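**Student:** here is a sequence with its predicted model. Questions after.
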Amino acid sequence: MIPGVSDKVKRLARRTLPDVRAQFVRMVDAGVDQAAVRAALNLKRSTYYKWLSAYRRRGVAGLEVRPAPGGPTKLTDQQDSRLRGWLVGKDPRQFQFDFALWTRRIVRDLIRDRFGVEMTPQGVGKLLARMGLSPQRPLYRAYQQDPEAVARWKAEEYPAIRAEAARVGARIFFADEASVRSDFHSGTTWAPIGQTPVVTATGARFSVNMVSAVTATGQLHFDLFTGRMNSATFIEFCEKLLHDIDGPIFLIVDGASYHHSGKTRKFAESTNGRLRLFQLPAYSPELNPDEWVWKNAKNDQIGRKSILRKSDLVEAATQALTRLQRLPEIVRGFFRDPSLAYIAA
């Protein structure tokens, strides 16, 4: 790297390329050295040599700007910027649409209503891609969630729990429960166009219930059980956790009734401080890293199996969770989600 010239530069906007390349030609013809050209035009080293090679091989024609793929946009730069701000920062319902998700047709209607420009859904799709947007599955947040309670948990309550855990030598676990059914499927498979592939699986419906607890260091403890989760089942899981872990445990859970029932509180009190329970703010699953365990186990593992009988489902669930136990780096990765930054703060 040449001193004073950084390769960390912004990508050049297509509309400015003709002028920048023309200036490049003038500077090269004038004998200006590489460092000065790159500094003046804000070019990466690879871009400088790519342009220089094209200019030497084909002259000015080698630096002509090709049209953008997908045809010219129908929006001005200002309209393009405004549209992207709306899509990233607002909800379609704020523009009097019935749906909460941005689709190509809704974006098309928004462009027509606000800018008087007609576009096809296909053209909208290309425009969105040029904006750096892609179709994604959103996370849903309960409208009952209290933002002030969430902020207080992140700024005050959890830091106090963490400080107390450090003082008494306790380990902090986040726990949660989930269920997976035999008819739950995820993932895709390659197949000939126009021919929907078929995977043989059971038509019967049955489920397996799971409970787990994780730490920011990557520890995972889990159990499978039949029937509905209740105080007795939750207490049984806590007993196993206390058996496996030395020292005090601070267990953070959601507001499910069995987490805070009289039986559960009585059990926690009977441990003489070895188990303490703490409650997350209501309707805030994004604050619990154990939710990512279920996403990984169900969507990325169990849902891709072919389930023929209940034993297959139990085996798939056991394998998925055991895999996470053996790969603590994956579990630690769950804690890097932006919603969980408060845990490491």
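**Tutor:** Arrived safely, thanks for sending.
**Student:** please verify my assumption that residue 27 contacts residue 37.
**Tutor:** Yes. Counting by C-beta atoms under 8 Å, residue 27 does reach residue 37; the two are 4.9 Å apart. Yep, even glycine has a C-beta here, placed from its N, CA and C like the rest.
**Student:** in CSV, could you pull the C-alpha coordinates for the longest strand along the chain?
**Tutor:** Looking across the chain with DSSP state E, the single longest strand is strand 171-181. Listed next in CSV are the C-alpha coordinates belonging to strand 171-181 (Å, rounded to 0.1, in the frame of the first residue of the first chain):
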residue,chain,number,x,y,z
ARG,A,171,-23.5,-18.6,36.0
ILE,A,172,-26.2,-16.8,34.0
PHE,A,173,-28.4,-19.1,31.9
PHE,A,174,-31.2,-18.1,29.5
ALA,A,175,-33.9,-20.8,29.2
ASP,A,176,-36.9,-21.4,27.0
GLU,A,177,-39.2,-24.1,25.7
ALA,A,178,-40.3,-25.2,22.2
SER,A,179,-42.3,-27.9,20.4
VAL,A,180,-41.7,-29.3,17.0
ARG,A,181,-44.3,-31.3,15.0
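**Student:** now that strand: average pLDDT?
**Tutor:** The average pLDDT for strand 171-181 rounds to 96.
**Student:** domain parsing for this structure?
**Tutor:** For the chain, the structural domains run 14-63, 77-130, 147-185+200-344, going by automatic domain parsing.
**Student:** would you turn those into TSV with mean neighbour count and distance to residue 194?
**Tutor:** As requested, the domains of the chain are exported to TSV (neighbours: other C-beta atoms under 10 Å; distance: least, C-beta to C-beta, whole Å):
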stretch	mean neighbour count	distance to residue 194
domain 14-63	14	36
domain 77-130	14	19
domain 147-185+200-344	17	21
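**Student:** so which of those gets nearest residue 193?
**Tutor:** The closest of these to residue 193 is domain 77-130. By C-beta to C-beta, the value is 17.9 Å.
**Student:** any low-confidence regions in the stretch 101-250 of the chain?
**Tutor:** Low-confidence segments of the stretch 101-250 of the chain (pLDDT under 70): 139-143, 191.
**Student:** could you look up the SS state of residue 224?
**Tutor:** strand (DSSP: H, G, I helix; E, B strand; the rest coil).
**Student:** what's it in contact with, if anything?
**Tutor:** Counting by C-beta atoms under 8 Å, 6 or more residues apart in numbering, residue 224 makes contact with 208-210, 314, 317-318.
**Student:** next step: the residues you listed restricted to strands.
**Tutor:** Using DSSP E, 208-210 are the members of the contacts of residue 224 that sit in strands.
**Student:** residue 168: which of those is nearest?
**Tutor:** residue 210 (29.6 Å).
**Student:** and the closest one, what does it touch?
**Tutor:** 177-180, 222-225, 294, 297, 317, 321.
**Student:** dump those residues into CSV; add distance to residue 309 as well.
**Tutor:** CSV is the format used below for the contacts of residue 210 (distance: C-beta to C-beta, whole Å):
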residue, distance to residue 309
177, 23
178, 21
179, 17
180, 15
222, 22
223, 21
224, 16
225, 19
294, 22
297, 19
317, 13
321, 19
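**Student:** now the end-to-end length of stretch 54-64.
**Tutor:** The straight-line separation of the ends of stretch 54-64 (C-alpha to C-alpha, to the nearest Å) is 10 Å.
**Student:** and for stretch 234-253?
**Tutor:** Start-to-end span of stretch 234-253 (C-alpha to C-alpha) is 11 Å.
**Student:** list the contacts of it.
**Tutor:** Taking C-beta under 8 Å, 6+ apart as the rule, stretch 234-253 contacts 161, 164-165, 168-176, 211, 213, 221, 223, 225, 258-259, 263-264, 267-268, 271, 273-280, 288.
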